[in-house]
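**Q** 3D, please:
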Amino acid sequence: MSKAITDKIWVSFYINNLALWIAQQSLPQFNKQSLPEIPQLGSPHFTEQSQHENSQVPLAIHEHGLVYQANHQALVAGIYPGLGKASALSRCPQLLWIARDPQAESQYLSEQCWWLSRFTPHLCQEDGFLLAEVSRSLKLFGGLQALVQQMLVGFSDPQLCLKIAIACTARAAIWLSRWQTRLPSPKGNEHPDFKNIVFAQEPSTLRQALETIDINCLLSHTETNRQSLNLRMLRDDLALSTLKSLWDLPRKGLRQRLGAKVLLAMDQALGQEADPRTWLEIPEPLRLHRELSFWAEESSHLFKLGQTLIEQACTQLKARKQGLMAITFEFHHRDHGPLSFIKLGMQALCDEARRWCALWEEHLAKTVLREPVIAVSLLGGIAQDMPQASACLFPGPTLNRQLQTSLFERLQARLGRRSMFRIVSIADHRPELAQMLCEMNPDTTSDDKSDDKKPDHHKTVAMLSNNQALGLPRPIWFFDRPIPIQVRSDHPYWQGPLSIVAGPERIETGWWEGQWFARDYFIASDQDDVLYWLYRNRHSTLDQASHQWFIQGCFG
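**A** Residues are numbered from 1 along each chain as shown. Model (predicted):
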């Protein structure tokens with residue numbers, strides 16, 4: 001046993017029900033929302049009239065015409081792996097018979113590597129297993145126990161049947177995660193999260209840990225059908241069912257019957273031969289794709305699948321400490337015509353699945369599918385580094401701004417981007433041209449401070465009037481057109497007498513445009529203490545003397 005080979009620590013992740021879980025993510029029967037079921041076996045079409053209890057749907061995943069995996073309802077009905085289609089349907093006529101999708105399984109595992117890359121760059125994938133070499137990451141993350149606990153966060157879906165093994169060789173970790181039940185945890189690792197984890201990280205205990213492994217683990221290493229038959233004969237006819245029984249046999253005879261690759265795999269598991277690995281490279285840009293096992297005729301049928309894609313995308317973004325401002329969903333239709341799109345946009349970089357899912361729900365509720373959808377793709381925009389900030393113990397302006405931003409984003413998604421605006425000031429003295437409306441951007445809004453007391457308008461106006469550089473305050477509510485008002489007893493009159501509170505503020509401008517603008521602006525209040533924005537034309541003629549005063553706005 002070479003020390004250079006066994007001085008590493010390999011963590012193997014194996015999802016025992018991955019094929020079943022992937023099928024459940026795309027089937028409407030297992031959607032959290034109330035969705036119709038598939039009425040007939042083998043037909044990918046469903047109608048809105050059929051109803052069901054989604055917890056009672058038997059499902060079987062088949063490969064090469066035989067049952068590969070089955071859910072609990074199917075197992076109760078007598079369906080088990082290896083059963084043929086005819087036998088399965090005779091035992092359970094309402095069984096959903098879905099083909100296995102190895103490409104989707106491989107894609108999911110590749111996507112999970114984005115999360116694991118947060119802890120180590122040494123990742124590889126083999127035959128449904130994820131391998132992570134973590135010997136150089138232990139000190140950074142506080143030891144093996146703390147590191148594995150953080151890794152498990154990326155596999156938080158309770159429906160996943162995850163098996164983990166930790167060993168000093170890659171091949172041993174793979175076999176232990178797939179075929180071994182459990183070994184005693186090393187001292188110091190007695191933790192509830194470790195109850196389903198197999199440990200064999202010490203070279204001295206490696207052979208003992210592998211002795212009880214079923215020799216079916218060698219089937220993927222046989223090169224010919226004859227070698228596979230010989231392996232099954234050793235197990236079924238000669239009762240040589242464990243690796244220990246093969247280690248006791250002469251190597252020359254095993255090489256003749258099983259081939260050199262089988263012996264090489266056994267030696268690699270024990271650390272007697274090198275096991276070189278090619279590290280995975282995370283693809284760019286972010287793209288997730290899922291094929292549906294049914295024809296989705298209603299947009300609501302796509303909610304759970306889109307939610308799953310968003311959660312996986314955000315997991316990958318967190319692994320790279322990056323965020324997105326835009327996500328696009330592509331809908332592939334049954335007629336293979338033009339794609340349909342749903343575009344989600346944020347006001348700032350975001351890696352929170354909760355906020356993206358809220359926008360996804362709002363947009364999907366307004367979407368009408370032109371044709372049934374058979375596949376969904378998620379495309380990420382330009383990923384940028386997320387600004388890192390320390391968390392606050394108590395709520396403050398930052399949290400309030402985040403809540404405000406999230407509210408504006410949902411309102412824009414529900415009402416439309418052109419339905420919410422903010423006021424932007426323009427460098428022009430003319431009030432009609434000094435501001436304009438543009439799309440709402442929560443990052444530019446300021447936090448308003450509320451006061452339970454009644455605002456003192458006179459005090460505010462007096463304070464601002466003392467600062468001649470600022471001029472008079474401007475009202476938020478501007479009328480579409482200035483309203484001419486009367487003058488009674490040398491005082492402006494509009495729905496009652498108005499008393500001047502502040503002013504005048506003289507504005508003379510616009511001469512270079514051929515339109516002379518000369519006004520004296522005032523702030524006046526009525527008997528109810530409502531403040532109005534008035535002006536008087538300085539170049540009014542005698543004929544217009546009775547209408548030389550205008551009211552242009554009102555203060556809130």
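**Q** What values do phi and psi take at the residue nearest to residue 105 when sequence neighbours are not counted?
**A** Leaving aside its sequence neighbours, residue 105 sits nearest to residue 18 (CB to CB, 6 or more residues apart in numbering; 5.2 Å). (C-beta placed from N, C-alpha, C; glycine too.) Phi and psi for residue 18, reported as degrees, to the nearest 10, are phi -60, psi -40.
**Q** in the stretch 351-500 of the chain, which ranges drop under the pLDDT threshold?
**A** 388-404, 413, 416-420, 428, 433, 439-471 (pLDDT under 70).
**Q** ranges for the helices of it?
**A** 353-365, 397-415, 457-465 (DSSP state H, counting those that start in this stretch).
**Q** for the stretch 51-200 of the chain, same thing?
**A** Assigned by DSSP H, counting those that start in this stretch, the helices in the stretch 51-200 of the chain fall at 72-76, 85-91, 102-116, 144-152, 170-179.
**Q** Indicate which one of those helices is closest to residue 220.
**A** Residue 220 lies closest, by CB to CB, to one member of the helices of the stretch 51-200 of the chain: helix 170-179, at 9.9 Å.
**Q** Could you list the residues in contact with the closest one?
**A** 10-14, 124, 126, 129, 131, 133, 163-167, 183, 198, 200, 206, 209-210, 213-214, 216-217, 265, 268-271, 275, 277 (CB atoms under 8 Å, 6 or more residues apart in numbering).
**Q** I would like a PyMOL command selecting only the buried ones among those, please.
**A** Of those, the buried ones can be selected in PyMOL as follows, counting by 16 or more other CB atoms under 10 Å:
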select buried, resi 10+11+12+13+14+124+129+131+133+163+164+165+166+167+183+198+200+206+209+210+213+217+265+268+269+270+271+275
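**Q** So which of the contacts of helix 170-179 belong to strands?
**A** Using DSSP state E, 10-14, 124, 126, 129, 131, 133, 163-167, 198, 200 are the members of the contacts of helix 170-179 that sit in strands.
**Q** before we move on, back to that, confidence-wise, which of the helices of the stretch 51-200 of the chain is weakest overall?
**A** Between the helices of the stretch 51-200 of the chain, the one with the least mean pLDDT is helix 102-116; it has a mean of 81.
**Q** check contacts around the residue nearest to residue 105.
**A** Residue 18 neighbours (CB under 8 Å, 6+ apart): 105, 108-109, 128, 160.
**Q** Equivalent analysis for residue 138, please.
**A** 9, 144, 147.
**Q** The same query, at a cut-off of 6 Å, please.
**A** residue 144 (CB atoms under 6 Å, 6 or more residues apart in numbering).
**Q** doesn't residue 503 fall inside a helix?
**A** No. Under DSSP: H, G, I helix; E, B strand; the rest coil, residue 503 sits outside any helix and is assigned strand.
**Q** how close does it get to residue 531?
**A** According to CB to CB, to the nearest Å, residue 503 stands 12 Å off from residue 531.
**Q** Overlap of the contact sets of these two?
**A** With CB under 6 Å, 6+ apart, residue 503 and residue 531 have common neighbours residue 523.
**Q** Leaving out sequence neighbours, find the closest residue to residue 380.
**A** residue 286 (3.2 Å).
**Q** Kindly state the pLDDT recorded for that neighbour?
**A** 78.
**Q** ok, it - how many residues close by?
**A** 22 (other CB atoms under 10 Å).
**Q** ok, it touching residue 381?
**A** No. Judged on CB atoms under 6 Å, residue 286 makes no contact with residue 381 at a distance of 8.5 Å.
**Q** residues touching residue 248, list them.
**A** By CB under 6 Å, 6+ apart, residue 248 has no neighbours at all.
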